[in-house]
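A.B. asks: All I have is the shape, not the residue letters:
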């Protein structure tokens, strides 16, 4: 396989993916959702390695269910129980699994830039399950899929506001890149010290943000309170949270989204998590067919 073919099958981010390929993945996800058989044979005899150098139970489980529904043999790797803790490099670990004959690697890691370096050296397709503050492409794809199910296949002109810690959010970045390509209008809402000035999107007030067609709340890293970046969870909720009062002012057709896990009563009030206009749990459900499409693409 040439390096060009390998890159085309890998999923490192949405910034470099064109509109047509994003739509093709979303359409294929719809195919898998409409074929609800528990197990298919699309990946029979193939080995998928979930290599998580950073914890994320939901994302790993979602990929594992997707891989098993495709008929793959799945290897789960956790850095917390690995030789990486003893000083082995991430590259050595991925290279070791490659040498054992895996067909695709799903990787989540904290350092920015490492995934791109790995992709230049590893000779199997790699799928980004979240890398640092860079991108989280499959999360954005399942978000777009959720929006398409609500508003139709064209997202042209859809108004999406993303609220929270934009500075540290890979979800915000991947969504911005993909939504723009599909013709949606994206705005951010964030505390001054959580803004990402390098991203080309307008910032709006929380009262303006909740008037969008899609209001996406980002998870707040509560540990930032210890560093002084977040004054308090209570203050954040009051200024930027989706409170019951704010939810009463969103548009009747609008939906509330959140990548999860949710800090209840911080970025969104507890009783709104399963509100009729909330799509938080459907987002998680949509992650399986979307990741089936992404993993299948890596092996075709």
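C.D. replies: Right, received. Where do you want to start? These numbers were taken from a predicted model, which means no experiment stands behind them.
A.B. asks: all strands for the stretch 201-300 of the chain, in order.
C.D. replies: For the stretch 201-300 of the chain, the strands defined by DSSP state E, counting those that start in this stretch occupy 214-217, 255-257.
A.B. asks: partners of the first one, with directions?
C.D. replies: Strand pairing for strand 214-217, determined by DSSP bridges: strand 159-163 (parallel), strand 255-257 (parallel).
A.B. asks: contacting residues around it?
C.D. replies: Strand 214-217 is contacted from outside by 143, 147, 158-164, 175, 209, 241-242, 250, 254-259, 267-268, using C-beta atoms under 8 Å, 6 or more residues apart in numbering. Yep, even glycine has a C-beta here, placed from its N, CA and C like the rest.
A.B. asks: wait, residue 158 sits on residue 148?
C.D. replies: No - counting by C-beta atoms under 8 Å, residue 158 stays clear of residue 148, with 9.7 Å between them.
A.B. asks: Would you agree residue 296 is in contact with residue 40?
C.D. replies: No - using C-beta under 8 Å, residue 296 makes no contact with residue 40, being 9.2 Å away.
A.B. asks: so what sits against both of these two?
C.D. replies: In contact with both residue 296 and residue 40: residue 70, using C-beta under 8 Å, 6+ apart.
A.B. asks: Those two: which has the busier surroundings?
C.D. replies: It is residue 296, of residue 296 and residue 40, that has more neighbours when counted by other C-beta atoms under 10 Å, with 22 against 16.
A.B. asks: Quick one: residues contacting the more buried one.
C.D. replies: Per C-beta under 8 Å, 6+ apart, neighbours of residue 296: 28, 42-43, 70.
A.B. asks: so which of those residues comes closest to residue 126?
C.D. replies: Using C-beta to C-beta, residue 43 comes nearest to residue 126 of those, at 16.0 Å.
A.B. asks: since we're on that closest one, how many residues are nearby?
C.D. replies: Using other C-beta under 10 Å: residue 43 sits among 24 other residues.
A.B. asks: For the contacts of residue 296, work out which two are farthest apart.
C.D. replies: Greatest spatial distance among these (C-beta to C-beta): 28 and 43, at 13.8 Å.
A.B. asks: filter the contacts of strand 214-217 to the buried ones?
C.D. replies: By neighbour count, with 16 or more other C-beta atoms under 10 Å, those hold 143, 147, 158-164, 175, 209, 241-242, 250, 254-259, 267-268 as buried.
A.B. asks: Which single helix of this structure contains the most residues?
C.D. replies: helix 280-299 (DSSP state H).
A.B. asks: shaky segments in this structure?
C.D. replies: Counting by pLDDT under 70, the chain has low-confidence residues at 1-7, 80-88, 223-228.
A.B. asks: Helices along that one, start to end?
C.D. replies: With DSSP H as the criterion, the chain has helices spanning 3-9, 19-33, 57-69, 90-99, 114-121, 137-151, 170-181, 206-209, 233-240, 244-247, 280-299.
A.B. asks: who's in contact with the third one?
C.D. replies: Contacting residues not belonging to helix 57-69 are listed as 32, 38-40, 43, 48, 50, 52, 74, 76, 106, 108, 127, 129-130, 138-139, 260-261, 284, 287-289, 291-292, 294-295 [C-beta under 8 Å, 6+ apart].
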